[in-house]
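K.L.:
Prediction below, plus the sequence it came from.
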Protein chains: 2
Amino acid sequence: MTGRIYNFSSGPAVLPEPVLRRAQAAIWDLDGTGIGVLEHSHRGPAFTAVLDRAEALVREVGGVPASHAVLFLPGGASTQFFQVPMNFLGGGTADYCCTGVWSQKAIAEARRFGAVHVACSSEVTDFDHIPPPSEHRWSAAPAYVHVTSNNTIYGTQWTREPEVPPGVPLVCDASSDLFSRPIAIDRYDLVYAGAQKNLGPAGVTLVIARKDFLERGARDLPTMLSYRTHVAERSMYNTPSTFGIYVIGEVMAWILEQGGLTAMAARNQAKARVLYDFLDDSRLFHGTARADSRSLMNVTFRCRDTSLEPAVIAQATARGLDGLKGHRSVGGMRASIYNAFPPAGVDALVDFLREFERAHA
Amino acid sequence: MTGRIYNFSSGPAVLPEPVLRRAQAAIWDLDGTGIGVLEHSHRGPAFTAVLDRAEALVREVGGVPASHAVLFLPGGASTQFFQVPMNFLGGGTADYCCTGVWSQKAIAEARRFGAVHVACSSEVTDFDHIPPPSEHRWSAAPAYVHVTSNNTIYGTQWTREPEVPPGVPLVCDASSDLFSRPIAIDRYDLVYAGAQKNLGPAGVTLVIARKDFLERGARDLPTMLSYRTHVAERSMYNTPSTFGIYVIGEVMAWILEQGGLTAMAARNQAKARVLYDFLDDSRLFHGTARADSRSLMNVTFRCRDTSLEPAVIAQATARGLDGLKGHRSVGGMRASIYNAFPPAGVDALVDFLREFERAHA
């Protein structure tokens, strides 16, 4: 008995159990140093090894070339929402693909630093899909294009990068699906992800970006807000979230043990298919995202009779299926099934939903 | 055998062992919820209880009244260096007391947002003391006064708050001594501290500030950089460092178990006295800070024959007295002996230094 239950939280979210076991040990004593991982100087050899390892493993997992920097920054994706335009918009126009609340928040912050052209939007259909390439309308000379690769609230996900005009930098908020599948990292000039879905604990943000793009950032910014600072200092200008970096390294090692991103994608597709197949066959439940835009990370669904939903959530919770309540802005149910979520938990959820359906047929 | 050694690191630094034990358990399963502390939704009831507890215990430990907000922010003190003037300087003049490199960094960031008047400085004597009140020269109408209460690199510490002109807000970087002694919190309009010395792990910054002062912050800032955002959302506008907040709560509980800040101060004074008394009597070693300005947190010292210092550090490390190397900008030795540093470790250091002195007399 592990004492642990199935955690469908949208983030912070379930982490691999072997990583948790290693973190428990490291908190008391990191690698036999006699000092715990929380307590090591960030400038000392033990943590330097942790940082080196985390960066190397991020590069190995993501196939990140030397042209790109790997940074571990504070402040979450919400800080990237303004840090990107503060560095790269400079009174110009940036094109944003609007696929949900997180896109909208990124847009609102960008407008403080220049003009935003909404290149596509699914707002009129309540963000139930990713606009297809035929609907993308780029502005004349965007400073960059910004896209939110996975939309936790609506359960939608881009299946591939948008085709941006040649020479236009592509920036991506991949907070909720980075490293859940292979990524063509050289297609991106800057990708950012709060760690707390697929990568590690909350409080550290992974940024992978072309060094020559970062070099073009605005001058005379507060030191902490210039990406150049963090490239030059390898994320160690000030004391970073040392524990967050440690856990990311362990999660990367776990991903590699599982077979890397190809294996992650296969595993995630299989998990999601079990749930979507059930929903497609159900007479009581139905998925909310359009079939061509379904997220493999967050499966959002409702009862046709929405008055049943509180009972679904309560009964699921009572059985150890936790965190299924949909985002407060949309209601319904949401099963977040990131990398570390076990396939057996999806099976258990489907068993429960099937049982609930029989009882309410 | 705990397998742990004496860790004199200046930060991240040693944490109380009972806190580490509780954190190890919570990483697997927080309070019997079946979900670890890293994995709980920051909006769920389990983490809400963690946040409530951490805030309540910070208030209890520090005697923080309802007039002041307690915030857990990202980005470290280095982010506060610019966030304070970005919010409160607005083209005016702020007075900074310059007592070391961290003051200088705060000053450099403030100059981006207005004028800085250096109200006092110990730079000409290599920051070996805290300028006495007779040397404080305030400008005509400062937006605020900023002080660095403890200077890790030089081993100096303010013994009391500066006497600022009536009505002038006092802002304090207390990163390395907050909650190491009682604090007259109502004397401060804003105190900030990176957690990684006396409070918890790196990656979360405790900010305690008057709500009416925060209300006066600049408008139209990026959402994450306005203190008002974090007051309104109780540090939960975005996903905070949930683990950092958890550990801070546990450290606060530990401080209360030890008897609170009065007991902490007595314990810290006793630890520092053992070391300073030895240094004052030594013919081989000497402290670097002026006696009236000595820090109880970071005891900086040198050999009269500085060529012996590498041997001191190497032999100490070999005996399990780790992290004694002084900051690279000043050299020498530094024993950081924050709240959680055990008195027995100071005794062990003095024993070693005495032995080293005998061997080199």
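P.N.:
Perfect, thanks for sending it.

K.L.:
need the residues of the stretch 51-200 of chain A near chain B, please.
P.N.:
Among all residues of the stretch 51-200 of chain A, those adjacent to chain B (criterion: CB under 8 Å from any CB of the partner chain) are A:74-79, A:81-82, A:86, A:105, A:108-109, A:112, A:194, A:196, A:200. Bear in mind the C-beta positions are built from the backbone N, C-alpha and C, glycine included.

K.L.:
Inside helices: which ones of those?
P.N.:
By the criterion of DSSP state H, membership of these in helices covers A:76, A:77, A:78, A:79, A:81, A:82, A:86, A:105, A:108, A:109.

K.L.:
Pull out the buried members of the residues of the stretch 51-200 of chain A next to chain B.
P.N.:
Of the members of those, the ones counted as buried by neighbours, 16 or more other CB atoms under 10 Å in any protein chain shown, are A:74-79, A:81-82, A:86, A:105, A:109, A:194, A:196, A:200.

K.L.:
thinking again about what came up before, of the ones in helices among the residues of the stretch 51-200 of chain A next to chain B, which is the nearest to residue B:12?
P.N.:
Distance ranking of those against residue B:12, using CB to CB, places residue A:76 first at 20.6 Å.

K.L.:
Surely that closest one is in contact with residue B:236?
P.N.:
No: the pair residue A:76 and residue B:236 does not pass the contact test of CB atoms under 8 Å, sitting 11.3 Å apart.

K.L.:
Please enumerate the helices of chain A.
P.N.:
For chain A, the helices defined by DSSP H cover A:17-28, A:45-62, A:76-88, A:101-110, A:211-214, A:227-232, A:242-258, A:260-281, A:309-318, A:343-359.

K.L.:
Of the residues of the stretch 51-200 of chain A next to chain B, which pair is most distant in space?
P.N.:
A:112 and A:200 (29.3 Å).

K.L.:
ok, back up a step: point out the most buried one among the helices of chain A.
P.N.:
With neighbours defined by mean count of other CB atoms under 10 Å in any protein chain shown, none of the helices of chain A is more surrounded on average than helix A:76-88, at a mean of 25.

K.L.:
packing partners for that one?
P.N.:
helix A:101-110, strand A:170-173, strand A:190-194, strand A:205-210 (3 or more CB pairs under 8 Å, 6 or more residues apart in numbering or on different chains; DSSP states H and E).

K.L.:
and these as JSON lines, adding mean pLDDT?
P.N.:
Listed next are these as JSON lines, based on pLDDT from 0 to 100:
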{"stretch": "helix A:101-110", "mean pLDDT": "98"}
{"stretch": "strand A:170-173", "mean pLDDT": "98"}
{"stretch": "strand A:190-194", "mean pLDDT": "98"}
{"stretch": "strand A:205-210", "mean pLDDT": "98"}
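
K.L.:
now those as JSON lines including distance to residue A:143?
P.N.:
Rendered in JSON lines, the data for those read as follows (distance: least, CB to CB, whole Å):
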{"stretch": "helix A:101-110", "distance to residue A:143": "10"}
{"stretch": "strand A:170-173", "distance to residue A:143": "10"}
{"stretch": "strand A:190-194", "distance to residue A:143": "12"}
{"stretch": "strand A:205-210", "distance to residue A:143": "14"}
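
K.L.:
where are the low-confidence patches of the stretch 1-150 of chain A?
P.N.:
In the predicted model of the stretch 1-150 of chain A, residues A:1 satisfy pLDDT under 70.

K.L.:
Out of the helices of chain A, which is closest to residue B:183?
P.N.:
Each of the helices of chain A was checked against residue B:183 via CB to CB, and the shortest separation belongs to helix A:242-258, namely 26.3 Å.

K.L.:
what helices or strands is that closest one leaning on?
P.N.:
Helix A:242-258 sits against helix A:17-28, helix A:45-62, strand A:68-73, helix A:260-281, with contacts defined as 3+ CB pairs under 8 Å, 6+ apart.

K.L.:
how about the residues of the stretch 201-350 of chain A near chain B?
P.N.:
Proximity of the stretch 201-350 of chain A to chain B is assessed by CB under 8 Å from any CB, with A:201-204, A:220, A:222-225, A:237-244, A:247, A:320, A:322-323 identified as the residues in range.

K.L.:
roughly how far apart are the nearest residue to residue A:103 once chain neighbours are set aside and residue A:68?
P.N.:
If you skip the residues right next to it in sequence, residue A:103 has residue A:148 as its closest partner in space, 4.6 Å away by CB to CB, 6 or more residues apart in numbering or on different chains. Using CB to CB, to the nearest Å, one obtains 20 Å as the distance from residue A:148 to residue A:68.
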